[in-house]
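>>> Just a sequence and a predicted model for now, questions to come.
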Amino acid sequence: MTTSPRRFTSSQHSHLAQHSHAAQPWQPTPLQLFANARLLLAENAIPGDTTSAVVAMHVLECFLLRANYISAKENGPGVDTGDFTYSGMICRASRLPPHPGAIWLSNSLSWQQNGRRVASGGRTVVAPSEGLIWLGDLSLLNPAGAADVDPYAQHTQFTVLEFGARAGSGGIGALLQPLIGERVFGTLKPNRLA
């Protein structure tokens, strides 16, 4: 049975939102087949304070598309001249100890969550978050987590500026995100060493 948007009442919305939360863990997203990047991001002791102690690292495997090149007139907090902005969806994620080594690029990494960031003890990685990106052919990754398996891959710094974006985690986001993944937006910094 289809429901006309005009007949969609708040009680129906509440039922659907509760159903989407009850369906945890999320199923693999359809974009997983097209994932092209891994992000290694710091979860800080003080959420959003990138200078506070790192309590965990999060690996997000994502489907990302480049959006804009940042010129001198567009730079600002978290976005420097020469950066590229990227936007896409999280396909799967894991939470690791603060110093995970090369395991974040291993093809044998154990995934803990599909489609969104891993939460533990009511906490997760939040924006802004600084870390690394490996943008390349994920099928080439090996058990050792060697970054040089794809000579064309970009392995550099990355800053996430926003999770969830327009939809957020509630409301329509509670319906969309389990289907396609949580949105991520950030900047690839090609002029910084990984």
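Done, it's in. From a predicted model like this one, the values you see are computed outputs, not experimental measurements.
>>> Against Pro47, how distant is Gly122?
11 Å (Cβ to Cβ, to the nearest Å). From N, CA and C alone the C-beta is placed, and that goes for glycine too.
>>> neighbour-wise, which of those two wins?
Pro47 (13 against 5; other Cβ atoms under 10 Å).
>>> Quick check: pLDDT value at that one.
Note for Pro47: predicted pLDDT of 94.
>>> Next, work out how far apart it and Ala53 are.
In terms of Cβ to Cβ, Pro47 sits 12 Å off from Ala53.
>>> what's the span of stretch 47-55 from first residue to last?
10 Å (Cα to Cα, to the nearest Å).
>>> For that stretch, which residues meet the burial criterion?
Neighbour-count burial for stretch 47-55 flags Val54, Val55 (criterion: 16 or more other Cβ atoms under 10 Å).
>>> contacts for that stretch?
Ala42, Glu43, Asn44, Ala45, Ile46, Pro98, Arg123, Val126, Ala127, Pro128, Ser129, Glu130 (Cβ atoms under 8 Å, 6 or more residues apart in numbering).
>>> cool, stretch 147-164 as well?
Residues contacting stretch 147-164 (Cβ under 8 Å, 6+ apart): 39, 41, 78-79, 86, 102, 105, 117, 125-137, 140-142, 173, 177, 182-190, 192-194.
>>> now do 7 Å
39, 41, 78, 105, 117, 126-137, 140-142, 173, 182-190, 192, 194 (Cβ atoms under 7 Å, 6 or more residues apart in numbering).
>>> Out of those residues, list just those in strands.
39, 41, 129-135, 183-189 (DSSP state E).
>>> which one of these sits closest to Ala146?
Trp134 (10.5 Å; Cβ to Cβ).
>>> I'd like the distance between that closest one and Val126.
Trp134 is 22 Å from Val126, by Cβ to Cβ.
>>> Looking at those two, which one has more neighbours?
Neighbour comparison, Trp134 and Val126: the larger count goes to Trp134, with 25 against 16 (by other Cβ under 10 Å).
>>> so what's the more buried one up against?
Trp134 touches Ala37, Arg38, Leu105, Ala147, Ala153, His155, counting by Cβ under 7 Å, 6+ apart.
>>> go on, Ala56?
So Ala56 contacts Glu43, Arg95, Leu96, Pro97, Pro98 (Cβ under 7 Å, 6+ apart).
>>> can you put those residues in JSON lines and add secondary structure and neighbour count?
Listed next are those as JSON lines, based on DSSP: H, G, I helix; E, B strand; the rest coil; neighbours: other Cβ atoms under 10 Å:
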{"residue": "Glu43", "secondary structure": "strand", "neighbour count": "22"}
{"residue": "Arg95", "secondary structure": "strand", "neighbour count": "20"}
{"residue": "Leu96", "secondary structure": "strand", "neighbour count": "19"}
{"residue": "Pro97", "secondary structure": "coil", "neighbour count": "11"}
{"residue": "Pro98", "secondary structure": "coil", "neighbour count": "11"}
